Structure formats: C-alpha cells, structure tokens
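Novice: I need the structure of the sequence given here:
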Amino acid sequence: MTELAVAAYAPPHDLSAADYNLASRFSIGDNASLVKDIRKAGGSHEWFAKQLKPSKVSDARGKAIASWFPRLHDSAPTVWDNIKKERYSAWEYGSDFVSFTLSRKIVTRRQVHEVMSDFWSNLLYIPAYEDRSTPWRYSYDTMIRKYALTSFTALLQHAIVHPAMSGWLTNSNNVKTGINENLGRELLELFTVGRPAGYTEKDVKNSARILTGFKVEVFDGFRASYSPSDHYTGRISVLGFTHANSSPDGRRAVQAYLKYLAHHPSTAQRIAKRLCVRFVSDHPSKAIVKAVKKAYLRSGTDIKATLKALIKHRDFKRAARKKIRTPVEDLINSSRVLGIRPTRPTSDKAFARQMTWMCASMGQHQFRWPRPDGFPEVSTTWASPARILRSWNIHYTLGAGWWDTKNVVEAKRTTFLPKKWPRTLAQITDHQARMLLGTKASVDVRKAVASMLDEPPSRVYTSAKDVEEWKYGLIRGTIMNAPKAMLR
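Specialist: Here you go, the predicted structure:
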C-alpha cells in the first residue's frame, strides 16, 4: 500500500505542520474542537490572536468547572474554620483545587489563557495542600488567571503581595522589628532578576524590609490586612532602585519596587529564557531569547507582545516536537485527543478526581512540587525510563477505557473510526495516528500496531464492528506510545 493511498483516508481535521506546531505549544491537545476553532479563525496565527483576548472566546463548559467544587469559593476565614473544626481538611481543599485545575485544562476553549496561567503559576509558584497558604490558594489562582495575559508588571505587583504568597513564604512574619528575608530573597532569586544580576545580602535585606507590613493571621482566622505600624521606614536601595520609603504605609513604595524589578534587564532575560525553554526547546538559541527579551522590554513587559515575538521567530517555527510533555501535559493531551471529558464529580471515582492519581503515577502531582522554584521546565526531567513506562501504561488504559472511573464522557468508537469500509489495518492505524498525533503513521508505528494485534498490516476489516474493543484500545494505546505522541 502506498503512502498516497493511506493518506487519502485522513480524517477531516488534519492540521498543517505549521498550524500543528503552534497549536501543540499553546494548547494542551489538538482535539476536534480546537481544530475547528483554528479553521474557523483562518489559521493558527489568527486563532492565537483571538485567544489572546480570552473574554471574547465563549467558554461555557470551562467556566462551569468552578461550580463543581463549591468549597473553593469559601472565604479564607471559612476555610480555616472548617479545617480547625475538622469539617474538611487542607488536603480536601487542595484536592478540589487540583481537580478543578486538571478538569479545566481539558475542557476549556481558552487554551492559550490556560497554558499561560499554568506557566505563570509555575514561575510564581505556590503549592496546593500547604498549611500556611491553603485558605487563600484558590484566590491566588484567580488572580494569576486575571493577569496571565496582561503585563508581567501587573502580575508581579499582585502576586507578591497576595495573602497566599505572604503565608507560603512567611512574609506574614516580616515586621520592622524582626525582618524575615524569605520572600524578599525569593523575589530576587526566583521571581525576577536571578542570581546573575549580582544582588548582595544587603539588597536581600532591603528587599525584605520594603515588604514589611503585609499581614495574614496564619492559623488564627487567616484574615489579611496591611499594618503600617509593622512597616519598616527609611531609604531603601536594591540593585539601583532607591526610594525614600518614609511613609508608614509602604504599599506605594512596594509597587514602585516591583515595577522596577519587572522592567529590569535581568528579569527580562530570565523571563525570555524561561518562555523559550517552555515553548521552544531546552536549549534555545541566543537569537530567539534576545528577540523575546527585546519585545518584553520594548512593550513595557506586555505579555501578549512578548508572546507574539516568540511565535514569529524562525526558531519557534523550526521547533516542532522538540519538547517532551510533562506527565500533566501528557494526561491532558491524551484525554483531549482521545475524546475523554470529565463531568461534575459525585464521588472519589470521578474522572476529575482520578486524574490527580494518574498524573502522580507518572511522576508529577499537580501543585505538589515542594520548593518555591516550581516544576522544572526542561524535558530531561521527564524523560526517565520509569516515567515513560508509566505513561505508556496510562495511554493503554485511557485508550481502551480500562481505568475504573465515573462521571466521564467518552467519544464513541464510531466517531473515531473511518466512515468508509473496508479498511486494512495499516489504513486504520494511519487514520488513528492522524486523529491522535496530527500526522500520518510512520512505518514503525504501523509495524508496532500490527505486532500488538499479531496481524499483518494488510489484514482487511470490513466494518467498524470488526474492530473489537480490545483491538481498538491496543491500536490507540500503541499509537499514543509512539515518540511523536510524547512530544510537542
């Protein structure tokens, strides 16, 4: 059978190589709905431009996800009261938040916004399940989502002073009579300029001093406030930033400081490099990092302008399938391309709940990285043999519908199989590869499927009914285990 004959049976939602490249970077799985949106927009770049205005993208299902987890909407004092009186635990609140996050990644049509919310959440990182920040964690996520496509300045100015951040990095204990350097140090080291900027211990202390006054009643109601009497006053100097800082209410000084850091060339370099590592390759060229940095600074830290510069660069266009999907990305992509969608959970067996354990089994429990630097963005972290084997098992399980779960919608086999029959096994394999990978099946993939079924590629199937459920699952699982499926 020739390549031309096989290609003739491609499903109608194939994307061009260029469109697939952009979609695979800035979505988490190019399912039929996404392809439809891209085609309707006139191409991936036009789709991307529309996605940069998420409020203009209708997303009823995505919005509804938050209503599935009513506990998330509890005020911080209510959360603490429930935990203290053992109505609910911090673990249950964290579990709701993680289930919400994973479900939204699958369902939402605002994929670029979702991807960027994840990116910033991993940079300005706060874990779930963590005692000092749990009551404010969902509020922090809402803030990240609000500013994810605005400017890094606005995002930083809201993230650093948020009660969840004050709790997590103990800035709630930072007062003029007892300076706590934790947040002041991480602000410089992890969130903005980085160590190469050359800040000193004096800079760290001043960074902490200017952040005094933000209070959270940790383990005592978790109410948040600002206390002028606890704010350090006096001239502050950090990496060229100076401020009289003479007012007991130091919030204006803080905002000026954070704006300075957001616009600092070292911050621009770190943000540009991190974006390129996430969306291009583990080792991006100096040229693309320089172009992204330039756009970041020229636009006044505007996120949309920065992303536009990234996707227009020739290195981005050449970077197809150069990044290994993280376990979370792998699960979300698999669910989306396999036609699996969670519904409102009614028990721990719900798919929305079970996704947490699927990710954990592959080595990444969403929002459980223990340090403030967030999950590694480089692919090598996620390329261990153990991780790959566990991903393969998940692919077979999802492809065949073997995971014991409830509250889930799965696409019918007939919607994923060819409409016209008879078809050879090779043609069916190619059809599935185009559906799941966005590309035709390689010779190796066809051979692997044939080997798994112990049938020759020329084996003829006269109808969809001939493709038994166990065969259907093995075909899909084997295709999803191909190297191309693990890459974006």
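
Novice: Y93: which element?
Specialist: Using DSSP states H and E, Y93 sits within helix 90-107.

Novice: please apply the same query to A309.
Specialist: Here A309 is covered by helix 303-312, with elements defined by DSSP H and E.

Novice: export the following helix or strand past that helix to PDB, keeping only CA atoms.
Specialist: Scanning forward in sequence from helix 303-312 by DSSP H and E, the next helix or strand is helix 314-317. Taking Å, rounded to 0.1, in the frame of the first residue of the first chain, the C-alpha atoms of helix 314-317 are listed here in PDB:
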ATOM      1  CA  ARG A 314      12.100  31.300  12.900                       C
ATOM      2  CA  ASP A 315      13.400  29.200  15.800                       C
ATOM      3  CA  PHE A 316       9.900  28.700  17.100                       C
ATOM      4  CA  LYS A 317       8.800  27.600  13.600                       C
END
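
Novice: which residues are contacting helix 314-317?
Specialist: When contacts are taken as C-beta atoms under 8 Å, 6 or more residues apart in numbering, the neighbours of helix 314-317 outside the stretch itself are A18, N21, R25, C276, F279, V280, S281, P284, S285, A287, I288, L310. Yep, even glycine has a C-beta here, placed from its N, CA and C like the rest.

Novice: pop the domain breakdown of the chain in here.
Specialist: As assigned by automatic domain parsing, the chain contains the domains 3-21+414-486, 49-263, 265-317.

Novice: distance between the ends of the longest one?
Specialist: Terminal residues of domain 49-263 are spaced 25 Å apart (C-alpha to C-alpha, to the nearest Å).

Novice: again, but for stretch 398-408
Specialist: End-to-end distance of stretch 398-408: 12 Å, with C-alpha to C-alpha as the criterion.

Novice: what comes up buried for it?
Specialist: Residues of stretch 398-408 classed as buried: L398, G399, A400, G401, W403, T405, N407, V408 (neighbour count, 16 or more other C-beta atoms under 10 Å).

Novice: stretch 405-425 too?
Specialist: If you call a residue buried by 16+ other C-beta under 10 Å, then stretch 405-425 has these buried ones: T405, N407, V408, R413, F416, L417, P418, W421, R423, T424, L425.

Novice: which of the residues you listed sit farthest apart?
Specialist: With distances taken as C-beta to C-beta, the most widely separated pair in the buried residues of stretch 405-425 is N407 and T424, at 37.3 Å.

Novice: now do the strands in the stretch 251-400 of the chain.
Specialist: Under the criterion DSSP state E, counting those that start in this stretch, the stretch 251-400 of the chain carries strands at the ranges 340-342.

Novice: so which of the domains of the chain is nearest V337?
Specialist: Each of the domains of the chain has some distance to V337 by C-beta to C-beta; the shortest is domain 3-21+414-486, at 4.9 Å.

Novice: and that closest one, how far out from the chain's middle?
Specialist: Taking the mean C-alpha point of domain 3-21+414-486 and that of its whole chain, the gap between them comes to 29 Å (C-alpha atoms, centre = their mean, to the nearest Å).

Novice: any idea how far the nearest residue to G234 once chain neighbours are set aside is from E201?
Specialist: Nearest residue to G234 in three dimensions, chain neighbours excluded: N245, at 6.0 Å (C-beta to C-beta, 6 or more residues apart in numbering). For N245, the distance to E201 (C-beta to C-beta, to the nearest Å) stands at 19 Å.

Novice: try P327
Specialist: Following C-beta to C-beta, the distance that separates P327 from E201 is 38 Å.

Novice: tell me which of those two has more neighbours.
Specialist: Comparing P327 with E201 by neighbour count (other C-beta atoms under 10 Å), the higher total belongs to P327, at 23 against 9.

Novice: S384 is in contact with that one, correct?
Specialist: No. Contact status for P327 versus S384: not in contact, 10.9 Å apart, counting by C-beta atoms under 8 Å.

Novice: which neighbours do these two share?
Specialist: Counting by C-beta under 8 Å, 6+ apart, the residues touching both P327 and S384 are G363.

Novice: excluding chain neighbours, what is closest to the residue most central in space within the chain?
Specialist: Closest residue to the average C-alpha location of the chain: D118 at 3.3 Å, with C-alpha atoms, centre = their mean. Closest residue in space to D118, ignoring its immediate chain neighbours: K105 at 7.5 Å, by C-beta to C-beta, 6+ apart.

Novice: burial count for that neighbour?
Specialist: Burial of K105, expressed as a neighbour count using other C-beta under 10 Å, amounts to 27.

Novice: from D330, how far off is it?
Specialist: Taken as C-beta to C-beta, the spacing of K105 relative to D330 amounts to 12 Å.

Novice: likewise for L169?
Specialist: Using C-beta to C-beta, L169 is found at 30 Å from D330.

Novice: the more surrounded of the two?
Specialist: Here L169 and D330 are compared on neighbour count by other C-beta under 10 Å; more neighbours surround D330, at 28 against 25.

Novice: right, and that one touches I394 too?
Specialist: Yes. Taking contact to mean C-beta under 8 Å, the distance of 7.5 Å between D330 and I394 places them in contact.

Novice: so what sits against both of these two?
Specialist: Both D330 and I394 are in contact with M362, where contact means C-beta under 8 Å, 6+ apart.

Novice: ok, back up a step: give me the contact list for the helix holding A309.
Specialist: Residues from elsewhere that reach helix 303-312, judged by C-beta under 8 Å, 6+ apart: 22, 25-26, 45, 48, 52, 116, 148-152, 155, 271-272, 275-276, 279-280, 288, 291-292, 294-296, 298-299, 316.

Novice: now with 7 Å?
Specialist: Contact partners of helix 303-312, identified using C-beta atoms under 7 Å, 6 or more residues apart in numbering, comprise 22, 48, 52, 149-152, 275-276, 279, 291-292, 295-296, 299, 316.

Novice: mind giving me the ChimeraX command for buried ones among the residues you listed?
Specialist: In ChimeraX, the members of those classed as buried (16+ other C-beta under 10 Å) are selected with the following command:
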select :22,48,52,149,151,152,275,276,279,291,292,295,296,316
